[in-house]
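K.L.:
Quick one: sequence and predicted model below, then my questions.
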Amino acid sequence: MSERRFEWGGLGADRGDYVTAAEALAMLEVLCVAQADLSVTTAVRDGAAWARFTRGRRWALVSTPGSRWFSVETDTGHRLQLVDANSSKDQSAQLLAAYVDVAEAYVRGDARPAPGRGLGGSTITVDVDGRQVILTQPLARRLRALLGR
């Protein structure tokens, strides 16, 4: 039997590029400073740093434990997620900035249903600096919507 220990997300304790939730929170707070037209709340909860962007009834939540995965979820249940267990600190900062851009664009009202994709509103597109980013709803939520529940 091997002497290897299980390491969460494949990241060892000796990895110098590992980003903690506290470091991710600090990155999020810096990225949020320029958003005077949006209400922004940041925190660390359940081991993940998150920032919630709000304008009126619309909101988007960006979250990450620092390394391993990055997520943005909207008030409609649409989301974009990336699992990347090997991202360096620089790559993590770039990914976090990209996910903040998606959240901000969504909250500012730039989301549209994605034509010809998914089942009944299960995908939307957000224009982020001239790029179309697709957010999807989880399968369980799509099925509930189709069944009228």
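P.N.:
Happy to help now that I have it. Numbers count the residues shown, from 1 in each chain.
K.L.:
What is the burial count for Asp127?
P.N.:
Around Asp127 there are 14 other residues, counting by other CB atoms under 10 Å. The C-beta positions use only the backbone N, C-alpha and C, and glycine is treated the same way.
K.L.:
Disregarding residues adjacent in the polypeptide, which is nearest to it?
P.N.:
Asp110 (5.0 Å; CB to CB, 6 or more residues apart in numbering).
K.L.:
I'd like to know how many residues surround that neighbour.
P.N.:
15.
K.L.:
tell me the phi and psi of it?
P.N.:
The phi/psi pair for Asp110 (degrees, to the nearest 10) reads phi -90, psi 10.
K.L.:
Could you pull up the mean pLDDT of the lengthiest helix in the chain?
P.N.:
Ranked by residue count under DSSP state H, the longest helix found in the chain is helix 89-107. For helix 89-107, the mean per-residue pLDDT is 91.
K.L.:
Ok, stretch 62-77 next?
P.N.:
Mean predicted confidence for stretch 62-77 is 89.
K.L.:
ditto for stretch 124-131
P.N.:
90.
K.L.:
still on that earlier bit, if I look at the residue nearest to Asp127, how far off is Gly130?
P.N.:
Distance, Asp110 to Gly130, using CB to CB, to the nearest Å: 11 Å.
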